[in-house]
Structures are given as C-alpha cells and as structure tokens.
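>>> Based on what follows, work out the 3D shape:
(4 chains)
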Protein chains: 2
Amino acid sequence: MNLRELSKLLGLSQTTVSRALNGFPEVSEETRAKARAAAELHGYRPSAAARRLATGQSGTLGVVFPRERNMLGDLLFTEFLGGCVERAAELGYDVTLAMARGAQTEEAVYRRALRSARVDGMILSSPLIEDPRIDLLRTLKMPFILHGRSRATSAYGYLDIDNEGAFYKAAKLLTDLGHRRIALLNGEARYYFANAREQGFRRALAEKGLAAQDHLVAGGLMIEKHGRDEALRLLDLAPAFRPSAILCSSLSQANGVQSVLAERGLRLGHDISLIAHDDRLQDMHAESFATPLTATQSSIGAAGRRIVELLIEHLRAPDAPLPEEVWPVDLVVRASTGPALP
Amino acid sequence: MNLRELSKLLGLSQTTVSRALNGFPEVSEETRAKARAAAELHGYRPSAAARRLATGQSGTLGVVFPRERNMLGDLLFTEFLGGCVERAAELGYDVTLAMARGAQTEEAVYRRALRSARVDGMILSSPLIEDPRIDLLRTLKMPFILHGRSRATSAYGYLDIDNEGAFYKAAKLLTDLGHRRIALLNGEARYYFANAREQGFRRALAEKGLAAQDHLVAGGLMIEKHGRDEALRLLDLAPAFRPSAILCSSLSQANGVQSVLAERGLRLGHDISLIAHDDRLQDMHAESFATPLTATQSSIGAAGRRIVELLIEHLRAPDAPLPEEVWPVDLVVRASTGPALP
DNA sequence: CAACTCTTCCAAAGCGCTTTGGATAATTTC
DNA sequence: GAAATTATCCAAAGCGCTTTGGAAGAGTTG
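A predicted model of the protein is given here:
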C-alpha cells in the first residue's frame, strides 16, 4: 500500500493525503481523520527511502562506536546507546552505528556517512581533552552533538554532566570530614571528563589549603583491576603518605578498591572512606555494595535519551543557538564515608 | 555532485556511468576506468536514499538490542555488535538497532521496520529455547538470521557455536581426570545455549555412568556475583556432596568462583578444578587469570562478523538453502584443571 | 452584488538513482 | 557484401514521497 493507492482509495490527491497524514494545517480535520483511519486500516506506512529522497533527511542518527573495547567503557556505552535508541525510536528516528576501526579512518567514515546522506546528525561520546573529530565534523558540515565537552576551536553543541562540580563536592565532603590525604583514582587522562574531575578534586583541596599529592592521583582504565592495583599500592605506602580516603571515577574501580580493603580488614566509613561516581547502570549500584557507597550519581542512560532530543531539535532549527546543557550531579551520602581518624 | 552532473561531465549517459560504477559487464573497461576516476576526483558518492528507492533495498541491517541490561550480557552484546558493525561497513551496509522496550511491543517494532523498508534483514541474538520472534519474522516475511539456535516450527538460518559439544568436551576432560562430582554454573535456563550446554555436560557424565546431581546444576546470570554465590553454596556442602570440579558458562562467573576459592585457600588445579567458557572478549581472558584457566573458547566478535556475511548472502540469494553454520569450540587446557584427589 | 480573503484541495515537478528496451557502431559469419 | 552477432551506449520510465504554485469553492466585506 503506497500513497497513490491510498489516495485513490480515498478519492483524494496524494498531496492532500500526504499533508493530512503529516499534520499540515491546510487540510480540514475531517479529511485528516478520514485519511488517518484509512492509513491505519490498510496498514499504510510511508516508505522511508522515498521520504528520504524527497526531503533530503534520512531520519537516522549516527552514534560513533568507541574505538577501543574495555569493560566498563562498554557497559557505559551500551547503557548510553540504549537510551539513545529508545528515545530515537519514540521520536521516529533510527540509530545507526558508525565505527572507525580497521581499514577505514575515522574521517573516511564520516565523509561516507555524510555524502551518501545516511545520517542527519551524529552523536559523539567520550570526547578527548582536545578532540579532532569536532573540527572535522564542523568542516564537513555534519551536524553533531557531544556527550561531554572538549577544548575546541570551533563551536559545538553538547550535553554533559558537571564532572568538575561532582568531584569538587565529593572531595569537599571528605575534607570537611577532616581528611587530609585523599587519593583520586581517575579515568584515563586523555579524556576531558577525567580532566574535569581532577580539577574539581583539586579545587576542593585547595580551598582547605591542601595540595593534591601526585602519588595519590592516578588515571587509568575504569575497571576493577585498576581499582585493586591502585588500592594495593596506596595501602602499602608508609603511614605518613597513606590516604585516609579514596575517590573513584567508577563503581568498577570502587569494587576493586573495596575488595582490597576487605581483605585487609579495613572497615569502610571507619578506617577509611570511599566515594565513587555512579553512572546508574542497570546492574551495578552504589547502594548495593557490602557497605553502601557514598556516590556522585547521574544516569548515563538518561543522558542518551536527552542527547537525542537535543540533536533532533538542533536538526530542526539549525540556526538556533547550539545546545549547551550541563547536568548537576547529586552527591548521595551513604555508609562508606566517615570522619578522618585523628 | 550527483549522477547526472557526473555523467554530463563525462559526456556519457547516466545509465552508462551507473553501470560502470556498479560493475556491470556491458560497459567497456576503458569507460569504466574513466568513470571511476571522475567519480573519485569529484568525490561522487551515490545517494543512499535514491538508491534505496530505486532498488527497494535499504543497505541496512537491523540488530535487535536485547531487552534486558546485564553486565556480561552487555559486554558480549557489545563485542558481537562491534563485529557486526565492522563487517557490515566493509561490505557497504549500515547497521541500525531495533529495540523493543517501553511502549512498543516487539512486533510493532518489526512491523514498522519492515513496512517502511528500513532494514533489509535482521539479526537476532540470545534466542530463547522457544523464541516467538522466529515465527513472527517468518510471518512478516522479514529476512533474518539467528545468532544461536532455537526450537522453532518454521525454518530459520543461523550461526551458532557448538555449545553442546563444548560442554561435553569440558565435562569429559573432568571425568577423564577422575572427577565424579562436577558442578555446572550455567546461564539462564530460558536461553537455548544454556540448555545445549547442560545437555553436553550431562552426556559426558552419562558416558561414565554418572548422573548430574540437581544440587550441582544452577542457572543464573552470567555475572561475577552469581559465581561467588554459587561457589559459596557449593563449598559449604557436606564433603560427600561437595563438587571437586566446577564448570562455568562465562569468565565472569569463573572470576567470582575463583575469588571464593582463593579466600578459602583452595588451589586451582590441585584442590579443585575449574573450567569456563571464554567468549574472547577484548578485556577478559582465561589465560590472564591468576591461575590460567582451562577454557572452551570461541570469539563472539568473529561470530558477529560472520553472521553479517551470512545474512547478506541470504539477502542476495533468498532462495538458496538457509545458512546453518555451527562452529566447533576448542577446549584449551591450562592450569586450572587437574586430577581428582583420591 | 462585485471584489476579496480564506479554506481546502489538486496537478505536476522534482529528489537521484536503477533498469528496461532499444539504438548505433563494430565485428563476425556465410 | 549482406546478414547476423556482439559490444557499447542511451532515452526514458519508474521507485514513492514532498512541495510548489495554483484553482475552485465558501465565506466576508463594503
């Protein structure tokens, strides 16, 4: 069943039926209702290809598949992607994946996607501190939006969480509790978010006249093993250097840290304090830890949903100001934090 | 730059240029070379939408996004998806994600994808023992392929690994080593693959005249916690019931089991044996365990790559026999298995 | 009642490709 | 050398939608 058949059936022109179905104002509500009913009855569904050709819009958003695989990274990405796909479907968009691995360079991928008009816009996640993709997409005139921020010469739209503020809050909670030696287990240093978190952390320390100590700050993968390894290293420091509190960038890391602490018989919230950032994954919750974890939390799935909305709004009004949305991050205090021991 | 402009530039008809570029035989190699060169020079890229409209093919494959989120499941899916996207791109196809969550029923999603001709075919992963999606897609006449198998009334193409054989081999290794009480930590019972694994396991036991004991067989999520919980339960059994070997369905489970064993001071391969299935994720390897793990192994990423090839072949020759490919699974013996103690 | 303005609908022109059904020129066959 | 064959190429017709530029009828206005 296509438009022509449907309009013949209705005794109307294709124009009118098309307009009726697409909600244009210049058609009476009566004919609109008739058209809708007939479309429903005969299971009419406009051909995506024809519509794309006619409008020049593909009705498809591209999400860039991260180059590297790694455990937590993948989990976060899946959750984010799930949010994107879900919301996109609700808004009538498809989501396709763009990957730049193997033979193709990233640029070639974007060029191809762009020139063959496969996607209307792209979503970039995990931006680096300086991310070349921003200038590239800008040059190619491909609409896009960032999940996160980046230092960039050209303007870009983004949705980000307040990583700086989150880690400031978390570190401030610890300094207010009297902690003086606080360790930061960060994500990889090349990512913007890790940089922002470190800055928030340092700001809180500086406010109390403390300086972050280099041996207490470590970037790395957001996996359990990194948490374990760093926890072992930190606990083996001489007492004068050993941290009394640890701030983790992910629950996975915190999990590794916590298991080491348990092995050493250290009680969370008493002998040592622990805070982590919680992305609200479906399957891993700060509150479900053996000792419920104090955490900064923000749903990465919700971010996926929202970023799709922002991108689509941007596509519909390309000349409107670029979206710049920063979500505040809550600090939820649970049992894993307590006053510093004298 | 579109076809018409390009053909004008070349002084050829659109027909000829189109045929030249698409490798049809009725055009001389000389003009083909010229057309290719001009296309390259001017950065001509055929419009996906126009091609779709003209051919009725979308050049897009749909991958069904699993309904539930769970940690290892997500990791496996991401790895599989990565393989799909990568290979699809190499073959000139896009991959879009179909999700059946929230308001839309799964059927509505497929119907929509089908009628608006958004995808040429779909890839289903994690099939249930009896999976209604098979009949549904068959009825809708949507081409599809399964990653895994299922009991179904209608025919379907698939790529699967020999789960039955893999777990038979693994269990046989253990019985040959003299183990008599072997536990199986399986995936969730509703999935076909879990069923197949259990059958292989039981077959190996039966060959030695052993019956699987119900208290030693447990299905569940493929996460570390399930491994830990079950390990604790098993080790607390009275000696006469306690297993001397454990067979896990995933490295995550094995990881949980292994940590419990370590806490109890049991040495892998001496006091107790452990085998797991290893999907060859990027970030988690059986050989990297503290005691390298004996494992059945098969790359789920490679399966993603292959299933895309199979689906595309099927789309090109819909009347050819449906693909039915089963990969043998290697059993790699490492240090975590040893003879049963007398 | 003529002159306007809305409202409602339509015919037809694309969008950029593929493909059918020739046409023309070059080559071979008898 | 005429007829048949083959190798190249082309004009034009879709594919199914959106959208432009009216047209016809209904309602308003002076």
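
>>> rest of the way, CA atoms for contacts and neighbours
OK.

>>> gap between the closest residue to DNA strand D within the stretch 151-300 of chain A and A:Pro328?
Nearest to DNA strand D in the stretch 151-300 of chain A, going by C-alpha to the nearest atom of the strand, is A:Gly157, at a distance of 24.9 Å. A:Gly157 sits 17 Å away from A:Pro328, going by C-alpha to C-alpha, to the nearest Å.

>>> before we move on, the earlier item: for the residue of the stretch 151-300 of chain A closest to DNA strand D, name its beta-bridge partners.
Beta bridges link A:Gly157 to A:Ile145 when assigned by DSSP bridges.

>>> Could you report the neighbour count for it?
Using other C-alpha atoms under 10 Å in any protein chain shown, the number of residues around A:Gly157 comes to 21.

>>> so who does it touch?
By C-alpha atoms under 8 Å, 6 or more residues apart in numbering or on different chains, the residues touching A:Gly157 are A:144-146, A:322-324.

>>> at 10 Å instead, please
A:143-149, A:307, A:310-311, A:314, A:321-325 (C-alpha atoms under 10 Å, 6 or more residues apart in numbering or on different chains).

>>> before we move on, what about A:Gly200?
Shown in contact with A:Gly200 (C-alpha under 10 Å, 6+ apart): A:162-172, A:206.

>>> at 6 Å instead, please
A:164-165, A:167-168 (C-alpha atoms under 6 Å, 6 or more residues apart in numbering or on different chains).

>>> Residue ranges in chain A under the pLDDT threshold?
Low-confidence segments of chain A, defined by pLDDT under 70: A:69-72, A:100-105, A:115.

>>> Residues of it that sit close to DNA strand C?
By C-alpha under 7 Å from any atom of the strand, the residues of chain A that approach DNA strand C are A:11-17, A:26-29, A:31, A:50, A:53-54.

>>> show me where the stretch 151-300 of chain A has helices.
A:163-176, A:192-207, A:224-235, A:251-263, A:300-316 (DSSP state H, counting those that start in this stretch).

>>> Any chance of JSON lines for those helices, columns distance to B:Val332?
Formatted as JSON lines, these follow (distance: least, C-alpha to C-alpha, whole Å):
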{"stretch": "helix A:163-176", "distance to B:Val332": "44"}
{"stretch": "helix A:192-207", "distance to B:Val332": "39"}
{"stretch": "helix A:224-235", "distance to B:Val332": "24"}
{"stretch": "helix A:251-263", "distance to B:Val332": "28"}
{"stretch": "helix A:300-316", "distance to B:Val332": "38"}
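
>>> Looking at those helices, spot the one closest to B:Thr153.
Closest to B:Thr153 of the helices of the stretch 151-300 of chain A is helix A:300-316 (C-alpha to C-alpha; 37.1 Å).

>>> Kindly spell out which helices and strands sit in contact with the closest one.
helix A:71-90 (3 or more C-alpha pairs under 6 Å, 6 or more residues apart in numbering or on different chains; DSSP states H and E).

>>> 10 Å instead, please
Counting contacts by 3 or more C-alpha pairs under 10 Å, 6 or more residues apart in numbering or on different chains; DSSP states H and E, helix A:300-316 is packed against strand A:60-65, helix A:71-90, strand A:121-125, strand A:144-147, strand A:157-161, strand A:324-327.
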